[in-house]
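K.L.:
The sequence isn't on hand, but the structure is:
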Ligand SMILES: NC(=O)C1=CN([C@@H]2O[C@H](COP(=O)(O)OP(=O)(O)OC[C@H]3O[C@@H](n4cnc5c(N)ncnc54)[C@H](OP(=O)(O)O)[C@@H]3O)[C@@H](O)[C@H]2O)C=CC1
Ligand SMILES: O=CCCC(=O)O
């Protein structure tokens, strides 16, 4: 399995907050400007716009990458898709958007995005189409359903699915896209609402390497690092394993917060103690203070965390791997969902452990 990793550390040189809001046309890197830049970026214009060449000719010339296509599509403008598309637009890309609920397109249209009324039309009018959908069902529907993106794909185009789905779903979408002669890359992301806003996501990609090479400058606008993991399915699997760990960590943290309170400790102090030791995690420091106040402002919806646990358990089942902790954790998120917490942040799983909810189940 081919694995590569690139961190675009050069972004740190541009602006303290988010370098990638710099005009795309202005981003040109050289080794003297950025000594820490990976070799293949050095002395290479990251991209130049707007130079509309046929995408297929650009793909075949992807080794030089001195020009890349700028007609981008973005399907799915939820918590993640919206800021990701915004960063592309703010970086000077030509972006066409679509979302099932049309009103979510409006802020992006105000920023300069084009709008068309179906995924098919997006794919037909763009060189590369990104998709950020809720779950396997919506990802398949938008890619392969009636008026789906596959109907607008053809040789020379590329489809990049950044949704979190299972391996089988990703392979199904890949098959439908590739049947049109287009290229496919799965690229689920690690990082939540704030990293999406700040262009600090981590892309876990797999699929057509030439498409990966072509879209890397766009991934670098939206993210801080990217992994190329080989065959389709490896990106999806990596993402599910990461989120399986994350879901269990959050459940365990929740138990700790409640136990500390029950034995007369101040859970805010626990958050501080945890933050200074070996089990410190940005997630605990970020979400702990609001959890102590029973507040769960949504960054990562609880329903999506439960979906990821469910899919991770399926992945484990496919290779007969025992995952008792993830299985128990999944049950807890299901309890939280059954109490109407689906659209709260996943840190609301702590509510499922509170005595009141336990007695209601
Ligand atoms: N939020 C986070 O922190 C992270 C989320 N993810 C993953 O990214 C994906 C998107 O997450 P997020 O943005 O948070 O989710 P949201 O729930 O905010 O957005 C979901 C998107 O999917 C669309 N959608 C849902 N069902 C359908 C359907 N049947 N047909 C067409 N479109 C549909 C929604 O459209 P509409 O607006 O019409 O409802 C919306 O655009 C998920 O797979 C999630 O697991 C990955 C990393 C972090
Ligand atoms: O899928 C959601 C991941 C959230 C995160 O990585 O913080």
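P.N.:
Sure, I can see it. Model, not experiment: these values are computed from the prediction. Numbers count the residues shown, from 1 in each chain. Ligands and ions are numbered 1, 2, ... in the order given.
K.L.:
Distance of residue 196 relative to residue 209?
P.N.:
To residue 209, residue 196 is 25 Å away according to C-beta to C-beta, to the nearest Å. Every residue, glycine included, has its C-beta placed from N, CA and C.
K.L.:
Neighbour count: these two, which is higher?
P.N.:
Taking neighbours as other C-beta atoms under 10 Å, residue 196 and residue 209 compare with residue 196 leading, 24 against 16.
K.L.:
what's the burial count for residue 179?
P.N.:
11.
K.L.:
My guess is residue 112 contacts residue 91. True?
P.N.:
No. In terms of C-beta atoms under 8 Å, residue 112 does not count as a neighbour of residue 91; the distance is 11.3 Å.
K.L.:
Comparing these two, which residue is more hemmed in?
P.N.:
Comparing residue 112 with residue 91 by other C-beta under 10 Å, the one with more neighbours is residue 91, at 27 against 12.
K.L.:
Please identify which residue in the stretch 101-250 of the chain comes closest to ligand 2.
P.N.:
residue 192 (3.7 Å; C-beta to the nearest ligand atom).
K.L.:
mind listing what the residue lying closest to that residue once chain neighbours are set aside touches?
P.N.:
Distances taken as C-beta to C-beta, 6 or more residues apart in numbering place residue 299 nearest to residue 192, at 4.5 Å, with adjacent residues excluded. Contacts for residue 299 (C-beta atoms under 8 Å, 6 or more residues apart in numbering) come out as 79, 192, 193, 194, 345.
K.L.:
ok, and residue 205, which helix or strand is that part of?
P.N.:
strand 201-207 (DSSP states H and E).
K.L.:
Please name the strands paired to that strand in the sheet, noting orientation.
P.N.:
Each strand paired with strand 201-207, and its direction, by DSSP bridges: strand 183-186 (antiparallel), strand 189-190 (antiparallel), strand 223-228 (parallel).
K.L.:
immediately after that strand, which helix or strand?
P.N.:
helix 209-222.
K.L.:
so what does that next one touch, helix or strand wise?
P.N.:
Here helix 209-222 touches helix 55-60, helix 81-90, strand 128-131, strand 158-161, strand 183-186, strand 201-207, strand 223-228, going by 3 or more C-beta pairs under 8 Å, 6 or more residues apart in numbering; DSSP states H and E.
K.L.:
right, so of the strands paired with strand 201-207, which gets closest to residue 264?
P.N.:
With respect to residue 264, and counting by C-beta to C-beta, the nearest of the strands paired with strand 201-207 is strand 189-190 at 36.9 Å.
K.L.:
Run through who's touching the next helix or strand after that closest one.
P.N.:
Sequence order places helix 193-198 as the next helix or strand after strand 189-190, per DSSP H and E. Helix 193-198 is contacted by residues 17-18, 79-80, 83-84, 86-87, 189, 200-202, 222-224, 299-300 when judged by C-beta under 8 Å, 6+ apart.
K.L.:
So among those residues, which ones count as buried?
P.N.:
18, 79-80, 83-84, 86-87, 189, 200-202, 222-224, 299-300 (16 or more other C-beta atoms under 10 Å).
K.L.:
Report the entries of these that also contact ligand 2.
P.N.:
Among these, the ones lying near ligand 2 by C-beta under 6 Å from any ligand atom are residue 300.
K.L.:
What is the nearest of the buried ones among the contacts of helix 193-198 to residue 216?
P.N.:
Residue 216 lies nearest to residue 223 out of those, by C-beta to C-beta, at 9.9 Å.
K.L.:
So what sits opposite that closest one in the bridge?
P.N.:
The partner list for residue 223 in beta bridges (DSSP bridges) reads residue 201.
K.L.:
switch to numbering from 7
P.N.:
Sure, I'll start numbering at 7, so the last one becomes residue 229.
K.L.:
Give me the nearest residue to the most centrally placed residue in the chain, chain neighbours excluded.
P.N.:
The centroid of the chain falls nearest to residue 195 when counting by C-alpha atoms, centre = their mean (2.9 Å). Counting by C-beta to C-beta, 6+ apart, residue 207 is the residue found nearest to residue 195 once chain neighbours are left out, at 4.3 Å.
K.L.:
Identify the residues contacting the one you found.
P.N.:
Residue 207 neighbours (C-beta under 8 Å, 6+ apart): 90, 195, 196, 197, 201, 228, 229, 230.
K.L.:
Point out where the stretch 7-156 of the chain drops to low pLDDT.
P.N.:
Regions of the stretch 7-156 of the chain meeting the criterion pLDDT under 70 cover residues 7-75.
K.L.:
And the residue nearest to residue 195, how far from residue 231?
P.N.:
Residue 207 is 8 Å from residue 231, by C-beta to C-beta.
K.L.:
ok, now residue 124?
P.N.:
Using C-beta to C-beta, residue 124 is found at 33 Å from residue 231.
K.L.:
Any residues of the stretch 7-156 of the chain in contact with ligand 1? List them.
P.N.:
Counting by C-beta under 6 Å from any ligand atom, the stretch 7-156 of the chain sits next to ligand 1 at 82-87, 105-107, 110, 138-141, 144, 147-148.
K.L.:
go on, the stretch 157-306 of the chain?
P.N.:
Near ligand 1, when you scan the stretch 157-306 of the chain using C-beta under 6 Å from any ligand atom, you find 169, 170, 195, 198, 199, 305, 306.
K.L.:
Pipe those into TSV and attach pLDDT per row.
P.N.:
What follows is these, written out as TSV (pLDDT from 0 to 100):
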residue	pLDDT
169	99
170	99
195	99
198	98
199	98
305	98
306	98
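K.L.:
tally of neighbours for the residue of the stretch 7-156 of the chain found nearest ligand 1?
P.N.:
Nearest residue of the stretch 7-156 of the chain to ligand 1: residue 84, at 1.9 Å (C-beta to the nearest ligand atom). Per other C-beta under 10 Å, the neighbour tally for residue 84 reads 19.
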